Every structure is written in C-alpha cells, then in structure tokens.
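In: Here is a sequence together with a model predicted from it:
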There are 2 protein chains.
Amino acid sequence: MRLAATTEELRREIASLPRPLVLVPTMGALHEGHLALVRRAREAAGAEGTVAMSIFVNPIQFDRPGDLAAYPQPLAEDLEKCEAGGVDLVFTPGAGSMYFPDRSITVTESLLSQHLCGATRPGHFDGVCTVVLKLFNLFQPDAAVFGEKDVQQLAILRRMVRDLDVPVEIIGYPTVREPDGLAMSSRNVRLAPEHRADAPRIRRALDGARSLLQFGERAAAPFLAAARKHLEDSPFLRIDYLELVDAETLQPVGQIKRPAVLATAVFYGDVRLIDHVTLLP
Amino acid sequence: MRLAATTEELRREIASLPRPLVLVPTMGALHEGHLALVRRAREAAGAEGTVAMSIFVNPIQFDRPGDLAAYPQPLAEDLEKCEAGGVDLVFTPGAGSMYFPDRSITVTESLLSQHLCGATRPGHFDGVCTVVLKLFNLFQPDAAVFGEKDVQQLAILRRMVRDLDVPVEIIGYPTVREPDGLAMSSRNVRLAPEHRADAPRIRRALDGARSLLQFGERAAAPFLAAARKHLEDSPFLRIDYLELVDAETLQPVGQIKRPAVLATAVFYGDVRLIDHVTLLP
C-alpha cells in the first residue's frame, strides 16, 4: 500500500499506478460502510487497476466548529483497515496542504442544496463540491464511489459532474447498516449508550412511513406525519428536518408521482445522524 | 483541421489527437491578438502536438443582455483564420450543448473579483471560471493560453487552477495592439468612427500616468489623477472604472510597494473597452 501526505507526493504516486484508478473519498473513521465502498471500487478497477482512498476531514464542509473538533480521526486504525481491505494508495493530507490561507475559489450548488441538509447546514455542500473537485483534479480517477446514505451529497456530486463536464464516473453504493438497522456512520461511536439504543428508531420511522405506499397513499402529508410521530416518541432525539422531496431535484413534493425521498436528520445530544428511504410511486 | 460542435464530438476528437494539447479558449470574432495566442500555443505544443481552439460566446459571463446580443459572431471567417493559423481542432458548441436548462453548479471567486471589472460586471468572473473549467474538463489540455489584456481574468484563472488543483498550465501572452496603440479587442469593430479615432487615448492615459514612476512617485493618487485627466479630456468616453490595484491580489493600494496594475474600463456609447499598465516599484 502506497501513502501520500501532500499533493506533490500524491501526483508522483498517481503517475506510476496502473489504470483504471477508482477513488473512494472519505473523512476517515472507517467502518464497514467504507469497506463496502472499497470492495465496490475494486470491482470497478479490476484486479490490475488501482483502488485509492483519500482520508481528509475537510474543514470547509463543517458548519459547526464543535462538530469538526469532535470528528473522530483514528488514522492508524484507518490505515490498517485500508491495508486489510486491499487499498493500493491512501492520501492523508493535512488541511494546510489542501487549502491556501487566501483561497478564494468555491464550487457552489444553488438548487439541489436548498432543502434537507443544505437548508440546515449553510455552506456544507459548497465545501463538499469544492473538496471533491479538488480530489478529482488531483487523482484524475476514472471513477469514484460514494455511499447512498448521503443521498443529497450523491445527487449534488452527480450534478457537479454533469454541469462541469467532469470526466469521472460517479458510482453510488447502498447504505450499509448495523444489525439493528441503524445506518453506519462515523458519528455513531459518539452516541451515548442510551442514545445508541434508541437510534434504530430512525430507520423504523422511515420504513414504517414507507409502508403507507402499500395502501395506495400518494399524498406527502401522511408519510411525514407517520414518520414524525415515531421519531417524536423518542425521549432523546430532536428532529433537525424531516422532508419528502423529489429524488432528482430534491425539491419538496406534495404528491408522490415520481421517485421521491423521505429523509431526516436528527440530533442525539450534539451528534447528528441522517437517514432516508426511497419512495417509488 | 478538425471540427467539433457538440461535447460528444469533442470527446471523440480529443481521444485521437496527439499530445501535448494546448487550448486557446476564445469567444470568436478573431483578430491578430487571438492569432498571436495561437502561435504561442503552437510553440508550447510543438510541431507534433495539438493546438485546439474553442469558439463560444458564453452567455453566463455577460452581465448586459445587449452586450451579448451585439457580440460579433463571424464564424465562417473565424474558421478560415483558424485554418490559416494552423489550428488542429476547433470546438464551436451552441449554448444548448454547453448548459442544461436546470444547471445549478457555478465556480465562484470571492477575492480577486471584488474590484475592476468584477465590481461593475456582477457575476462575470463566475461565468468565466465556470466555462473555462468546463472547457478544461472537456479538452483535458496540458496548457491553455490567455491574453494578458484581460488582466483580471488571467489572475482569477490562475487562482482557480491553484485553488482547485486543476492539472493545466496557464500561459499568459502580452496584449497585442493596433499601430496607434489601441488594445486589440473583438469589440473594436463596433466603435463609431469618431470613437475609434479617440480610443488610443486609453493607452496614452495609462502610459502617461506610468511615466510618473520615473520621477520617483509611489503614491497611488497622482497616477489615478493623471490618467483620469487624460481620459476625461475626451468628448466621447465615459469612465466605468479607473483603479490602481496590487498585481497579485487585485486589491486597491495607496502606495506602490509591490508590482501594481493601473487598469481602466471605459464606454464609448455602449461599447466597453478595457486596458491596463503594470507599475513596478
């Protein structure tokens, strides 16, 4: 496994590694979900190609300084997992090697970021787009793999690739879950025990609402009401948002006529978790 | 000479053309200044490499609809000039093949675009950055050549390449002038005869101000006053801006301690012309 800690080292490594190159961009604190992305990347790269991972806790996508400071960064363990997972190249830049103090260029998204996490985390997706475009320019990958758990991020990155003609294939991979249904997240380790025990409720609330489809329900309000009721039954969590949006435009819909997404973000203390289900009419 | 009118055609052509590939992005209405950029591109590409030109009047960088509508588009003549100038590939997309109606991604610049043209043309440089990044992603050039006449554009594009790690070398080329000193511009053909006759005053005003350096002057005010006086002596022109800025940050300076730029934009009727001189302390 090759390592690069600066953009200069990365460019040198990239020049010598076999193609196709498939990138898995992460913020580290790797869990089974990330390792599933690595396996998907290997499938796309083939045995002879290169699977690369970036581990970078991107400061410009954090809207809450406390969230950035608390974000777990177990680098030694992460590198062991990469090695065991068959990653060929890991890029672990410091913030100083990614951003100049006087940086002034930002990639912005103005439509798909209006709702969901975009509404409650100002600037978050501009930070995501900017760092991912930088990583694409640095790695020049043939493809990149992202988890579908971050459904809005994935839609926005597909939009970025489309609108800027970025020559990279975006591959989405289904959410990986704990046995009790909680979506895997690097933030799960920060949950207090009673919060961790309560958190599978998020998935149950969304799945329960989805079952209304079987009764022919297509109006948004009953789906939102059912999910909200189950979430609010928790003595611990606070809803950040709960929305039903079009799966492509991520704009709120009143009726489910095309694929839609029922998505939520909740806080347990200062730990914020997201999840969603897709609703097919 | 190869032609491509859509991004699909362009990608096919690019795949088969020899490297290095050097791009000259233009809005067409080609004059001697553009052809000088083509010669510089050939020097960078070598006899065996590829010189490519894009001709695209980019709608999202125009802040005045009338300016866009009036922008000259003599495509047949442009293609003849490309052929004669030894261009290997010309890309002439329609606006519909460059932008989706629901495009939502923009590359923005927040520091270098605060003054000069950025202050009087809102959104202009975001439109420039966005289209140039798209062209870079489509052509994947080794280098690209831009005229120094558009001094703020050149500084902002260099900043974009730096901040987004774009793997393209930016080559600047000095302003090409008419025999009477007027900077070549595709907009010059739209000047009324009496305005064309008066326009060399722009260069004289800037050059005259620069001569104050010889007397040891370093304060900004006398440079600005001297240039303004000569410009305002014209019975025709209206000053859009006249500013003295740092050559790297493009922020106004009160004293010339590092390389600076004295830059102006003026209107003759509805035709807007720009020019600048560099001041070295």
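Out: Nice, I can see it.
In: dump the residue contacts of whichever residue of the stretch 151-281 of chain A sits closest to chain B.
Out: With CB to the nearest CB, the shortest gap between the stretch 151-281 of chain A and chain B falls at A:Asp163, namely 3.8 Å. C-betas here are computed from N, CA, C, even on glycine. Counting by CB atoms under 8 Å, 6 or more residues apart in numbering or on different chains, A:Asp163 touches B:99-100, B:103-105, B:134.
In: Wait, A:Ile239 touches A:Lys229, no?
Out: No: here A:Ile239 lies out of contact with A:Lys229, judged by CB atoms under 8 Å, at a distance of 11.3 Å.
In: How about the lowest-mean-pLDDT helix or strand in chain A, which residues are buried there?
Out: Taking mean pLDDT, DSSP states H and E as the measure, chain A has helix A:95-98 as its least confident helix or strand, at a mean of 88. The neighbour-count check on helix A:95-98 (16 or more other CB atoms under 10 Å in any protein chain shown) flags A:97-98 as buried.
In: got it, and stretch A:201-219?
Out: A:201-203, A:205-206, A:208-210, A:212, A:217-218.
In: what about stretch A:258-275 and chain B, touching?
Out: No: judged by CB under 8 Å from any CB of the partner chain, stretch A:258-275 and chain B are separated, with a smallest distance of 14.7 Å.
In: Centre of the chain to that stretch, how far?
Out: Centroid separation for stretch A:258-275 versus its chain: 12 Å, with CA atoms, centre = their mean, to the nearest Å.
In: Show me which residues of the stretch 101-250 of chain A sit near chain B.
Out: When proximity is defined as CB under 8 Å from any CB, the stretch 101-250 of chain A approaches chain B at A:102-112, A:129-130, A:133-134, A:137-138, A:140, A:159-160, A:162-167, A:249.
In: I'd like to know which of those are buried.
Out: In these, burial by neighbour count holds for A:103-109, A:111-112, A:129-130, A:133-134, A:137-138, A:140, A:159-160, A:163-166, A:249, counting by 16+ other CB under 10 Å.
In: how about the helices in the stretch 151-281 of chain A?
Out: Secondary structure of the stretch 151-281 of chain A by DSSP state H, counting those that start in this stretch: the helices cover A:151-163, A:193-198, A:201-210, A:220-232.
In: quick check: angle from the third one to helix A:220-232?
Out: Read it as helix A:201-210. Going by axes from the mean of the first three to the mean of the last three CA atoms, to 10 degrees, helix A:201-210 is angled at 150 degrees with respect to helix A:220-232.
In: I'd like the secondary structure assignment at A:Ala52, please.
Out: Three-state secondary structure (criterion: DSSP: H, G, I helix; E, B strand; the rest coil) places A:Ala52 in strand.
In: so who does it touch?
Out: A:17, A:21-24, A:87-91, A:139, A:141.
In: Report the spatially nearest residue to it, omitting neighbours in sequence.
Out: For A:Ala52, the nearest residue in space outside its immediate sequence neighbours is A:Leu89; the separation is 4.3 Å by CB to CB, 6 or more residues apart in numbering or on different chains.
In: May I have the residues that are in contact with the most centrally placed residue in chain A?
Out: Nearest to the geometric centre of chain A sits A:Asp150, at 3.5 Å (CA atoms, centre = their mean). The contact partners of A:Asp150, taken as CB under 8 Å, 6+ apart, are A:Ile274.
In: For it, report the pLDDT, please.
Out: On the pLDDT scale, A:Asp150 is placed at 98.
In: Backbone dihedrals for it, please?
Out: Listed backbone geometry of A:Asp150 is phi -90, psi 70, with angles given as degrees, to the nearest 10.
In: ok, now how distant is it from A:Val128?
Out: As defined by CB to CB, to the nearest Å, A:Asp150 lies at a distance of 9 Å from A:Val128.
In: And A:Tyr173, by the same measure?
Out: Computed with CB to CB, the distance linking A:Tyr173 and A:Val128 is 17 Å.
In: Check A:Thr7 too.
Out: Between A:Thr7 and A:Val128 the computed distance is 19 Å (CB to CB).
In: List the contacts of the closest residue to A:His276 other than its chain neighbours.
Out: Taking CB to CB, 6+ apart as the measure, A:His276 lies nearest to A:Ala263, with 3.7 Å between them; neighbours along the chain are not counted. Under the criterion of CB under 8 Å, 6+ apart, the contact list for A:Ala263 reads A:116, A:151-152, A:241-245, A:274-276.
In: Can you flag the buried ones in these?
Out: Buried positions within these, assessed by neighbour count (16+ other CB under 10 Å), are A:116, A:151-152, A:242-245, A:274-276.
In: Dump those to a markdown table, plus distance to B:Ala197.
Out: A markdown table is the format used below for the buried ones among the contacts of A:Ala263 (distance: CB to CB, whole Å):
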| residue | distance to B:Ala197 |
| --- | --- |
| A:Leu116 | 60 |
| A:Val151 | 62 |
| A:Gln152 | 58 |
| A:Leu242 | 68 |
| A:Glu243 | 63 |
| A:Leu244 | 65 |
| A:Val245 | 60 |
| A:Ile274 | 65 |
| A:Asp275 | 70 |
| A:His276 | 66 |
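In: Just the closest of those to B:Val189, please.
Out: For the buried ones among the contacts of A:Ala263, the residue nearest B:Val189 by CB to CB is A:Gln152; the value is 48.1 Å.
In: is it true that that closest one touches A:Arg121?
Out: No: A:Gln152 sits out of contact with A:Arg121 when judged by CB under 8 Å, with a separation of 9.9 Å.
In: Give me the neighbour count for the nearest residue to A:Ser97 once chain neighbours are set aside.
Out: In space, not counting the residues next to it along the chain, A:Ser97 is nearest to A:Thr6; the distance is 4.7 Å by CB to CB, 6+ apart. The local packing count at A:Thr6 equals 15, with neighbours defined by other CB atoms under 10 Å in any protein chain shown.
In: Of the contacts of A:Asp163, which are in range of chain A?
Out: The overlap between the contacts of A:Asp163 and the neighbours of chain A (CB under 8 Å from any CB) comes to B:99-100, B:103-105, B:134.
In: A:Thr7 and A:Val128: which has the busier surroundings?
Out: Neighbour totals were compared for A:Thr7 and A:Val128, and A:Val128 leads with 25 against 16 (other CB under 10 Å).
In: per-residue pLDDT, the more buried one?
Out: With respect to pLDDT, A:Val128 has a value of 98.
In: helix or strand for it, which one?
Out: Here A:Val128 sits within helix A:124-139, counting by DSSP states H and E.
In: what stretches of the stretch 1-150 of chain A score poorly on pLDDT?
Out: Residues of the stretch 1-150 of chain A that meet the criterion pLDDT under 70 are absent altogether.
In: If we ignore the residues flanking it in sequence, what's nearest A:Lys81?
Out: If you skip the residues right next to it in sequence, A:Lys81 has A:Leu30 as its closest partner in space, 4.8 Å away by CB to CB, 6+ apart.
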